[in-house]
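# next one to model:
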Amino acid sequence: MGASRDFGGAMHEPPGRDESQSLPSWVSLLAMPVWITSPEGTVAYLNPRAESLLGLNLADCAGHACFLVIAGRTPEGAPLCGPRCFVRRSVEESREIEPIRVSVPTPGGKRQEVKVVVIALDDGRLVHCVVDGARELRVRKFIDRVALRSPETIQPEQTDLSAELTQREREILSLLAEDATLHEIAERLGVSYATVRNHVQHILRKLGVHSILEAVAVFLLNAD
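Okay, the predicted model is just below:
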């Protein structure tokens, strides 16, 4: 990690253990940098990829204002983040949040331009996902639907699709990602509906998810 930065200003009380770890289960499955802000606009969570990108530890910045921690700028170098976050205003006004191109500070005093997709949770938290171009459409199409159905988990586990799923299970996930129904999949694969349903149950158990939507999101986010 980089050297500790002074964020200045008053710090809100850092989130307690229960709040900081009660994350939607799909957050741990995102193979990308992720940070979450509280309804008050303070940093509540950074995953290891975000810590590496920003050169920060969650313990150093939890409770500090997001605009001071992220210090985002436009690709042209103009200030982007501020006390009255435009993303938060969009949520409050029920406007769509478009993917944001933002320059963020990285270790060594340099800056890096990234694209951020922001997901608003029902409890007022904002999930910021740093995505590459190849994954953006996958994220935008599925993550909002998945977020609404995801239970919270205290100790989320990482998922390795190649190690967990059989070839037939990956094939079924691929068809589900094309919006095929279980009956349609059974017909296309020449197997019974019950067989497909059993495969789906195995997929959900192996991935540690609770719905087909979550399973498809994991598949799309990890697909090459």
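# tell me the domain ranges of the chain?
Domain assignment for the chain, taken from automatic domain parsing, gives 17-153, 161-207.
# low pLDDT regions in this structure?
1-21, 133-163, 221-224 (pLDDT under 70).
# would you map the strands across it?
23-24, 34-37, 43-46, 100-105, 111-120, 126-131, 152-153 (DSSP state E).
# export those to JSON lines and tack on distance to residue 210 and mean neighbour count?
The way it works is simple: take the backbone N, C-alpha and C, and place the C-beta from them, glycine included. As requested, the strands of the chain are exported to JSON lines (distance: least, Cβ to Cβ, whole Å; neighbours: other Cβ atoms under 10 Å):
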{"stretch": "strand 23-24", "distance to residue 210": "11", "mean neighbour count": "23"}
{"stretch": "strand 34-37", "distance to residue 210": "20", "mean neighbour count": "24"}
{"stretch": "strand 43-46", "distance to residue 210": "21", "mean neighbour count": "24"}
{"stretch": "strand 100-105", "distance to residue 210": "30", "mean neighbour count": "19"}
{"stretch": "strand 111-120", "distance to residue 210": "18", "mean neighbour count": "17"}
{"stretch": "strand 126-131", "distance to residue 210": "18", "mean neighbour count": "22"}
{"stretch": "strand 152-153", "distance to residue 210": "10", "mean neighbour count": "15"}
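# just put these in CSV and tack on distance to residue 190.
What follows is the strands of the chain, written out as CSV (distance: least, Cβ to Cβ, whole Å):
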stretch, distance to residue 190
strand 23-24, 37
strand 34-37, 40
strand 43-46, 46
strand 100-105, 46
strand 111-120, 38
strand 126-131, 37
strand 152-153, 37
